[in-house]
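1. have a look; sequence and predicted model below, questions after that.
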Amino acid sequence: MRLTILGGGGFRVPLVYGALLGDHAEGRVTRVTLYDADPGRLAAMARVLADQAAAAGVPDAPEVIATKDLDEALRGADFVFSALRVGGLDGRATDERVALAEGVLGQETVGAGGIAYGLRTVPVAREIARRVARTAPGAWVINFTNPAGLVTEAMAEELGDRVIGICDSPVGLGRRIARLLGARPEEAWIDYVGLNHLGWVRGLHVGGRDELPRLLADTEALESFEEGRLFGAEWLQSLGAIPNEYLHYYYFNRETVRAYQEARQTRGAFLRDQQRAFYAEAERPGQRPGAALAAWDRTRAEREATYMAENRDAAGAGDREESDLESGGYEKVALALMRAIARDERATLILNVRNRSTLSVLDPQAVIEVPCLVDANGAHPVAVDPLPYHAVSLVSAVKGVEREVLAAAASGSRRDAVKAFALHPLVDSVAVARRLLDGYVQDHPGLSYLR
């Protein structure tokens, strides 16, 4: 089986390759093609993967091929993993800076920053979807490109149900709750529903019994894990659910914006500087075997330890616990998804898929994030209970913003783009929305299409 990774020079590619090295079953991935427009990043990542294969001692490790030719990368692919970052980390740092100057959130998937990122990513994602449909019509696309739900919906316009979005946030949240309740994560049914980076765990069922009320009744237990420290036990008990960590940007917006404004540098700027140093080291010629992988491991550990640091500062939650530093597991979700489709091994996974009739407040084409049954025919969302009204308002508002982003990317209309900013719950003024768009268009060449 052949896998193509778009954004193959990206920092998280070794997570995917590491999962593939551990798969020895029949029908496994035997060739990985890395596609990236940056030859230096491609070379660095190929070196890290070679170190990984050598360290694993796997004699039949998947072959790795690197290319800057998109059609060559797609041709013959069974699965296409999309992990692009349009504008790079420089673009992310700009998204944050422009938004914070207006006193609003600039996070890469939430609020003004997410809209700016979506406006420059959707046209690229649509073109890639068209290229996949033409060059590899039988391939399944697994999308991790952010904003993941929005980009998956854009690609679905061309690919239908053959594009499926994944995210590691629900996986990590479900795992933490299950372990806290003494359950094995793989044996628990997680009642999770919402949009990407805007969802709630409403139940965790083990042996047919919902164990979440037991956790919600225990204040000490609630405050012992990451989301409990982030949101506070009292708020979780009020909600009767455990929100995805990204909802901290909504529930504690003022505090978070203030923490971001007071930080020495934004998350995007930190990652930009950190990864520049890593790639410079990994690309250096004449290194000893294993040096590139060692540099990647050090960089990843620092990246995980500082994740959402500003939110934790705003909440007074302290440093991350060692148990929270594990990878969220999106590479394991991707591997499980590929196995289920390619081998018809039924699996239940939380994925980003078209709504159909799952949530009555949204239309059938809206991409949502819910548990899905996966088989050879793809991912099928399961029936879920209706959203409570407080969740309906947020989900509907943010989906409305996503639709305006899709419309602006298709029309090239500044008016549609301003509307997307102005309608977001975290942007409080049409005048601010106009200034945001002006700032982003000025600093992002990728937004020059907006007229």
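-> Thanks, I have the structure now.

2. which residues in the stretch 301-450 of the chain form helices?
-> Along the stretch 301-450 of the chain, counting by DSSP state H, counting those that start in this stretch, helices occupy 309-315, 330-343, 389-411, 414-423, 430-443.

3. what's the local residue count around Arg288?
-> 7 (other CB atoms under 10 Å). C-betas here are computed from N, CA, C, even on glycine.

4. returning to what we had before: Glu234 is nearest to which of the helices of the stretch 301-450 of the chain?
-> Of all the helices of the stretch 301-450 of the chain, helix 309-315 sits nearest to Glu234, with 12.5 Å by CB to CB.

5. rounded mean pLDDT for that closest one, please.
-> Across helix 309-315, pLDDT averages out at 66.

6. go on, stretch 353-371?
-> Per-residue scores along stretch 353-371 average to 97.

7. same thing with stretch 144-153?
-> Rounded mean pLDDT across stretch 144-153 is 97.

8. and that stretch, end to end?
-> Stretch 144-153 has an end-to-end distance of 12 Å (criterion: CA to CA, to the nearest Å).

9. pull the distance from it to the chain's centre.
-> 7 Å (CA atoms, centre = their mean, to the nearest Å).

10. where among the helices of the stretch 301-450 of the chain is average confidence lowest?
-> Ranked by mean pLDDT, the helices of the stretch 301-450 of the chain end with helix 309-315 in last place, scoring a mean of 66.

11. break down the protein into its strands, ranges please.
-> Here the chain has its strands, by DSSP state E, at 2-6, 31-35, 63-67, 79-82, 140-143, 163-165, 189-195, 198-206, 209-210, 242-243, 347-354, 367-375, 378-381.

12. export those strands as CSV, with columns for mean neighbour count.
-> Shown next, in CSV, are the strands of the chain (neighbours: other CB atoms under 10 Å):
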stretch, mean neighbour count
strand 2-6, 26
strand 31-35, 23
strand 63-67, 17
strand 79-82, 25
strand 140-143, 26
strand 163-165, 28
strand 189-195, 23
strand 198-206, 22
strand 209-210, 12
strand 242-243, 25
strand 347-354, 21
strand 367-375, 22
strand 378-381, 20
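
13. need those in CSV (columns: distance to Val333).
-> Output for those, formatted as CSV (distance: least, CB to CB, whole Å):
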stretch, distance to Val333
strand 2-6, 14
strand 31-35, 17
strand 63-67, 22
strand 79-82, 11
strand 140-143, 9
strand 163-165, 10
strand 189-195, 13
strand 198-206, 15
strand 209-210, 23
strand 242-243, 19
strand 347-354, 6
strand 367-375, 10
strand 378-381, 11
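
14. gap between the residue of the chain positioned farthest from its centre and Arg47?
-> Distance from the centre of the chain peaks at Gly286, with 34.8 Å (CA atoms, centre = their mean). Counting by CB to CB, to the nearest Å, the gap between Gly286 and Arg47 amounts to 12 Å.

15. which one, of the helices of the stretch 301-450 of the chain, ends up nearest to Val29?
-> It's helix 330-343; of the helices of the stretch 301-450 of the chain, that one is closest to Val29 (CB to CB) at 7.3 Å.

16. the closest one to strand 347-354, inter-axis angle?
-> Between helix 330-343 and strand 347-354, the angle comes out at 100 degrees (axes from the mean of the first three to the mean of the last three CA atoms, to 10 degrees).

17. report the buried residues of helix 330-343.
-> Buried residues in helix 330-343, counted by 16 or more other CB atoms under 10 Å: 330-342.

18. what helices and strands are in contact with it?
-> helix 13-21, strand 79-82, strand 140-143, helix 169-180, strand 347-354, strand 367-375 (3 or more CB pairs under 8 Å, 6 or more residues apart in numbering; DSSP states H and E).

19. could you dump those to a markdown table with distance to Glu255?
-> What follows is the helices and strands packed on helix 330-343, written out as a markdown table (distance: least, CB to CB, whole Å):
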| stretch | distance to Glu255 |
| --- | --- |
| helix 13-21 | 31 |
| strand 79-82 | 34 |
| strand 140-143 | 32 |
| helix 169-180 | 20 |
| strand 347-354 | 28 |
| strand 367-375 | 25 |
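
20. which among the strands of the chain is found nearest to Asp23?
-> Judged by CB to CB, the one of those that comes nearest to Asp23 is strand 2-6, at 11.0 Å.

21. quick one: low-confidence ranges for the stretch 201-350 of the chain?
-> The model of the stretch 201-350 of the chain has pLDDT under 70 over residues 308-310, 312-328.

22. how close does the spatially most central residue of the chain sit to Asn253?
-> With distances taken as CA atoms, centre = their mean, the residue of the chain nearest its centroid is Cys167 (4.4 Å). Noted for Cys167: a distance of 21 Å to Asn253, by CB to CB.

23. hang on, Val361 packs against Leu394?
-> No: with contact defined as CB atoms under 8 Å, Val361 and Leu394 do not form a contacting pair (10.9 Å).
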